[in-house]
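Visitor: Just a sequence and a predicted model for now, questions to come.
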Amino acid sequence: MGYVIAFMVLPVAIIATYSFFQRGQYGGIVYSLTLDNFARALDSLYVGILGTSVALSSTVTLLALLIGFPTALAITKLQPQHQNIALVLVILPFWTNFLIRTYAWIVLLSSEGLLNQGLLGLGIISDPLALLYTPGAVVMGLLYAYLPLMVLPIYAALSRIDPSLREAAIDLGASRFTALRQVVFPLAIPGTLVGCVFVFVPSVGNFIVPELLGGGKTVMVGNLIRDQFLKARDWPFGSVLAIAMVVMLVLLFALQARITKRVLGQG
Amino acid sequence: MTVLLDIHNVSKAFDQLAALDNVSLQIHTNEFFAILGPSGSGKTTLLRALAGFESLDSGQIVLDGQDVADVPPNERPVNLMFQSYALFPHMTVFDNVAYGLRREKRPQGEIAERVTSLLATVGLGDMATRRTHQLSGGQKQRVALARAIVKRPKILLLDEPLSALDRKVREDMQLELKRLQHEVGITFVVVTHDQEEAMSMADRIAVMDQGRVEQVATPVELYKNPGNPFVANFIGTSTLLRGHLSSGRLHLTNGVKVPCSLPSEDGAEIWLMLRPEDISQTPAGAITGTVISTNFYGPNCLVVAECGLEIPVKYLVGNSEVPRVGDATKISWAGDTGVVVRAS
Amino acid sequence: MTGVGKLGWVLAAVCFFLYAPIAIVIVMSFNASKIPFQWTGFSTKWYSELFANASVLEGLRNSLIVGVSTMILSVVLGVLLAIGITRHSTSSAVQALALAPAIIPDLALAIGLLALFSAISFPLGLTTVILSHTIFCMAFVAAIARGRILQIDPALEEAALDLGDTPRGVFFRVTVPSLMPAIIAGALLAFTLSFDEFVITFFTNGPSTPTLPIVIYSMVRFGVTPEINALASLVLLFSVAIVLISQRSVKLSQSI
Amino acid sequence: MSRTTISLSVLVGSTLFLGACATGGGSEPLDPNADLSAQNLVVSNWAGYYPEDLATAFEEAVGSSMTITNHATNEEIMAKLTAGGDSGIDIAFVSGQFAQALANQDLIYELDKSLIPNLANLAPEADNLSYDPGNKFSVPYAWGTTGICYRSDLMAGNEPTSWMDLLRPDDMYKGKVTALATERWLMLPAQKALGYSVNTQDEGEMNEVKDLLLEAKGNLLAYDDTTFYSRLVSGEAVMTVAWDGWCNYGTIENPDIKFVVPSEGSDLWVDTMVVLKSSKNKEAAHAFINFILEPTNHAWVAENILYKVPNQAAMDAVLPGLVGDFPNMGFTAAQLLGYEGLVDLGNAAALYTRLATEITSG
């Protein structure tokens, strides 16, 4: 088992190592130690891109939460055999090719696309709206791509809550909504946080959606990292950014564990 | 004795399967009432209907003169203690107990006072700030109980209140529940499948089977005078012999005749219920058989013997006369012992 | 209950959101026009062009090879890993580490693996893709299997030992069968994840063995042809089939 | 876990070692009589930048088996080639300045011209290009320039003549313009509009370029290297920065799609074939280059990709109608040489990368 884990740790260890070396003039690695790559990451240019990414991904996460929670709740209200079907319905798009799902939004959102044609046809707008190649399109694409990752953990959390807890609250005088707010919501917090991390992390790291739906005009951390490896051939700096992403992930999960512990008073 | 709760012709079906079949019951003020039945008998459905979590297909539930069929559970003056206790894991003991009072928007001071004194009553005065997962089973049960009675409901419903507890704790809690019921003066309705539990705590018991109430009576009455073979079989240990009476003897269907001089119509088909203590093992016994098992209880021993009476016979012997399995035995009973039970 | 009614609408709206784009792709796959936005008539020509497209077929073949190999490897390793971390390790750090590849950003993992392979001069190709996919699929399988192991009564294995079975026999006759639902679910998940994986493949694949997502990526980037729509529709059909099969087999194995 | 620690340090150690050894090593001589049928050639070319049955034609003519893989951009193939380790690729198609960069990194094999007699077919102008004078490391495959591809029907009376028409479009065209995203060609329109060299390394000039491009970004529909022509066909865009031959793909579908080189001038780009030093099939690789340079073959390529090839005999052989339909096919070598050749920027590449990031993320 040690070997298995070593195989998993190695990739991260290697990029961690790379992050301390220098870039060669034509790419590759010059093996002299430096901290410059870390200093560069603090440059306002990259901090700005990080800010954009975090803002966009947070929007995606928030929207996914607002849509995903009621969805998961609705599924738990179905009969058990229907719950299974509803879950499959939610996951199924997730099992079709990611690129194709993203591409479908181009067809929907472009100025000649269905949405604009529909709105024009209904006379709601007189000129096509610029829907595609905007940060909004990127948010939409990411939301579409990762919504199931929000629904599933919340569903899992909700379905694990003993239904008698909710009934106990109602029995003690709480209205349906109060019982939801005071008992179901708090107990679903751990699962909800997992869902938020599951949506936020791949959103920040995604480079395909900004490229296809953002028209290259929106740059996120994922694009930046990809470009360091594939365009600028600056592996050390790309490694720094990748490491930063992993660190962010670890911090988010630590935060999630902490909040969970606080809510339930246990690990 | 005033009727607090009148359950009148209540029916409820799930997928055409009758969970409650025309159930009628009256429960009195300050009574400790038990609903006893095997699993699937409809007792839990009835309890949930009383709490308001199940709607009725037909019938009325009248509480203190008011039909509560359309009153939602959060507005009924009835509280439920859940089988799983359903303690909120994200709240402290204090907050769990205070939950219902807070929903009533009671003043802070009153809440603190009532919760604190009730926690003291149930013996958890120093546990108020604990989280529920830090409590033992018995402590959880006390919190659940406190939470359900702190609102002073007209009726407290208890769903299998002791089933999650160890035997020793369970015995303590049986006494505790009785004590508390007297102390707080609330009508308790307990649902249980455990006849010992029901018999030891309840003032009256309703025995349910397949969605119907088979008999409502005091524990002594149920034991001594079961209304039908199901109750006779379900309550206590008994030997039930089926046959028809004729000239002071019971003719079993396999032709064997056994003594029975109890008053009944000649020729009618009946069950004769014999409690183990009704039968004695004696060398003068007219019925012979073979011992097939013995269960030793300390002061006495339950013997099961095959005597050619269609079913094995169960009887008690003193701890000095315990036979061995395989021994031949002779038994007898007086013609006027036992109870005649008719099929309902 | 009224709550179900309102939430039912939520569910319907979400399903619309999830399926409208897919429905459009399917409809467009039968569009005679090359321009994706104009309907000029019904046609199945994009399907025939798709089946004549050698690179798509090659991509499909490579994806199947990778998917099946990854599935087998990651189920075997993932189950062993799950047993290892639940039964033989109490360290939560080891557990977290073992499950990390499932949640680590794919980009970071892809780059790390590329760095690893180039560091040891391992030639890039389907082998490296399979190894890379196995790393993260294995973590998913382990996560699923771990959940199941925690549910299994440990007395089951003790009972089998008590009844005279060897430890090895216990593993194959008791442990594995009782893990079967998790194994099947994990296998299907591993296959689908691998079949759809783009980022890690993009970085760790060699030049001469494109997988289907790589082919699709270049198709999407170079001119949008309705062939992609046809391909998407078929991939969707394929996924639906897998899901249905999995639903069946998992239920079947649970009832055994 | 000690075994883990050991294997970890061994592997990290080997990273350093192998990294240090990645460069160096001389060119071994080729065997002119090698058995080509035993060699299996792997070629990476831009998708859609070669006739579909090129591999079959080559296999029939020479006997080696051949696989063609695709890349989307120079950067993508460069990343694979410079990642260290064996990429598995024998021949890569890259633009001239990237061939220069690969040569500087000692990753490409200096051509054995005795195995490529058809080099003589190259236009004389194509033998002395700035990125690789004398074609020591690379052989030109196609060449052309960058300009504006536009819808003449939708822009009637306002046809673009200057890069500024695209960078600061009239109100009616705002949001209907695309630009190339690849760094060098991202910069080109502004560099030329401001009168600077496409190879400028002057930070002040480049900052002006950046400001102009940031301003232009507000009016862009998207950055698009690969599908701009179909946006013109659909009418989503009216004006795009385009490589000449790629504009032709739009013209085929709609004759109103036209190409123009703005008055400020443009670049001369050359897409080349290079043989990788790591190749184990160098003889077949040379045979492939020679095969391409065969006039009939090179003409066949030009007819398929609609780009001009630097092979006079081949250009003379292409279907006469093509030159009339697609004006870029009629550009003369002298015309192209009048534009500025792109060369590798060396250390200034970092500046371009940074500015490109500032522009696209700005």
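Guide: That came through fine.
Visitor: How are the strands of the chain distributed by residue range?
Guide: Chain wasn't specified; assuming chain A. Using DSSP state E, the strands of chain A run over A:22-23, A:29-30.
Visitor: could you do chain D instead?
Guide: Assigned strands in chain D, in chain order: D:40-46, D:65-71, D:91-95, D:138-144, D:146-151, D:177-179, D:220-223, D:239-243, D:257-260, D:267-275, D:340-341 (criterion: DSSP E).
Visitor: Using a markdown table, please lay out these together with mean neighbour count.
Guide: Backbone N, C-alpha and C define where each C-beta goes, glycine included. Output for the strands of chain D, formatted as a markdown table (neighbours: other CB atoms under 10 Å in any protein chain shown):
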| stretch | mean neighbour count |
| --- | --- |
| strand D:40-46 | 22 |
| strand D:65-71 | 21 |
| strand D:91-95 | 27 |
| strand D:138-144 | 26 |
| strand D:146-151 | 26 |
| strand D:177-179 | 27 |
| strand D:220-223 | 24 |
| strand D:239-243 | 26 |
| strand D:257-260 | 22 |
| strand D:267-275 | 26 |
| strand D:340-341 | 18 |
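Visitor: which stretch among the ones you listed comes nearest chain A?
Guide: Evaluated over the strands of chain D, closeness to chain A peaks at strand D:220-223, with 2.6 Å, by CB to the nearest CB.
Visitor: and the closest one with chain A, contact?
Guide: Yes - using CB under 8 Å from any CB of the partner chain, strand D:220-223 reaches chain A at D:220, D:221, D:222, D:223.
Visitor: for the strands of chain A, which one sits closest to chain D?
Guide: Proximity to chain D (CB to the nearest CB) singles out strand A:29-30 among those, at 5.5 Å.
Visitor: The closest one pairs with which strands, parallel or anti?
Guide: The pairing partners recorded for strand A:29-30 under DSSP bridges are strand A:22-23 (antiparallel).
Visitor: so how far is the strand it pairs with off the chain centroid?
Guide: For strand A:22-23, the gap between its own C-alpha mean and the chain's C-alpha mean amounts to 31 Å (CA atoms, centre = their mean, to the nearest Å).
Visitor: With stretch C:132-152 instead?
Guide: 13 Å.
Visitor: that older thread, identify the farthest-apart pair in the residues of strand D:220-223 next to chain A.
Guide: Within the residues of strand D:220-223 next to chain A, two members stand farthest from each other by CB to CB: D:221 and D:223, at 9.1 Å.
Visitor: what sits in contact with each of the two?
Guide: A:215, D:178 (CB atoms under 8 Å, 6 or more residues apart in numbering or on different chains).
Visitor: Could you check stretch C:16-31 against chain A for contacts?
Guide: Yes - Stretch C:16-31 reaches chain A (CB under 8 Å from any CB) through C:17, C:18, C:19, C:20, C:21, C:22, C:24, C:25, C:28.
Visitor: Restricted to helices, list these.
Guide: The members of those that map onto helices under DSSP state H are C:17, C:18, C:19, C:20, C:21, C:22, C:24, C:25, C:28.
Visitor: Specify the helix with the largest residue count in chain A.
Guide: Looking across chain A with DSSP H, the single longest helix is helix A:44-77.
Visitor: what sits against the residue of the stretch 101-250 of chain A found nearest chain D?
Guide: The stretch 101-250 of chain A approaches chain D most closely through residue A:215 (2.6 Å), counting by CB to the nearest CB. Contact analysis of residue A:215 by CB under 8 Å, 6+ apart lists A:132, A:133, D:178, D:220, D:221, D:222, D:223, D:224.
Visitor: run the last query once more with 6 Å
Guide: Counting by CB atoms under 6 Å, 6 or more residues apart in numbering or on different chains, residue A:215 touches A:133, D:222.
Visitor: ok, residue D:289 touching residue D:116?
Guide: Yes - Residue D:289 is within contact range of residue D:116, at 5.3 Å (criterion: CB atoms under 6 Å).
Visitor: CA-only coordinates of stretch C:216-236 in CSV, if you can.
Guide: Taking C-alpha atoms only, stretch C:216-236 is exported to CSV below (Å, rounded to 0.1, in the frame of the first residue of the first chain):
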residue,chain,number,x,y,z
ILE,C,216,-13.7,15.6,-29.9
TYR,C,217,-11.6,18.4,-28.5
SER,C,218,-9.9,18.9,-31.8
MET,C,219,-13.3,18.6,-33.6
VAL,C,220,-14.9,21.2,-31.3
ARG,C,221,-12.0,23.6,-31.8
PHE,C,222,-11.7,23.2,-35.5
GLY,C,223,-15.0,24.2,-37.1
VAL,C,224,-18.2,23.1,-35.5
THR,C,225,-19.5,20.2,-37.6
PRO,C,226,-22.8,18.4,-37.0
GLU,C,227,-20.7,15.2,-36.8
ILE,C,228,-20.0,16.2,-33.3
ASN,C,229,-23.7,16.3,-32.6
ALA,C,230,-24.1,12.9,-34.0
LEU,C,231,-21.2,11.6,-31.9
ALA,C,232,-22.6,13.3,-28.8
SER,C,233,-25.9,11.7,-29.3
LEU,C,234,-24.3,8.3,-29.6
VAL,C,235,-22.1,8.8,-26.5
LEU,C,236,-25.3,9.9,-24.6
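Visitor: neighbouring contacts of that stretch?
Guide: For stretch C:216-236, using CB under 6 Å, 6+ apart, the contacting residues are A:96-97, A:99-100, A:103, C:25-26, C:28-29, C:31, C:36, C:46-47, C:49-50, D:47-48, D:70, D:72, D:226-227, D:230.
Visitor: List the ones among the residues you listed that fall in helices.
Guide: Using DSSP H, the members of the contacts of stretch C:216-236 that fall in helices are A:99, A:100, A:103, C:25, C:26, C:28, C:46, C:47, C:49, C:50, D:230.
Visitor: Which of the residues you listed are buried? Put it as a ChimeraX command.
Guide: Listed next is the ChimeraX selection for buried residues among the ones in helices among the contacts of stretch C:216-236, using 16 or more other CB atoms under 10 Å in any protein chain shown:
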select /A:99,100,103 /C:25,26,28,46,47,50 /D:230
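Visitor: a markdown table please, covering the ones in helices among the contacts of stretch C:216-236 and showing pLDDT.
Guide: As requested, the ones in helices among the contacts of stretch C:216-236 are exported to a markdown table (pLDDT from 0 to 100):
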| residue | pLDDT |
| --- | --- |
| A:99 | 82 |
| A:100 | 81 |
| A:103 | 82 |
| C:25 | 83 |
| C:26 | 86 |
| C:28 | 83 |
| C:46 | 86 |
| C:47 | 89 |
| C:49 | 86 |
| C:50 | 85 |
| D:230 | 85 |
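Visitor: Stretch A:158-174 and chain C in contact?
Guide: No - in terms of CB under 6 Å from any CB of the partner chain, no part of stretch A:158-174 sits within range of chain C; the closest distance is 10.9 Å.
Visitor: quick check: mean pLDDT across that stretch?
Guide: If you average the pLDDT over stretch A:158-174, you get 90.
Visitor: got a list of contacts for that stretch?
Guide: So stretch A:158-174 is in contact with A:72, A:76, A:179, A:183-184, A:187-188, B:51, B:53, B:73-74, B:79-80, B:82, B:84, B:86, B:99-100, B:103-104, going by CB under 6 Å, 6+ apart.
Visitor: show me where the stretch 1-150 of chain D has helices.
Guide: D:2-21, D:54-62, D:74-81, D:96-104 (DSSP state H, counting those that start in this stretch).
Visitor: do chain C as well
Guide: Using DSSP H, the helices of chain C run over C:2-28, C:45-52, C:54-87, C:92-103, C:106-119, C:126-151, C:155-162, C:167-170, C:176-178, C:180-196, C:199-204, C:212-221, C:226-255.
Visitor: What's the local residue count around the residue of the stretch 151-256 of chain C found nearest chain B?
Guide: Closest contact between the stretch 151-256 of chain C and chain B, by CB to the nearest CB, is at residue C:151 (18.4 Å). Number of residues near residue C:151 (other CB atoms under 10 Å in any protein chain shown) recorded here: 11.
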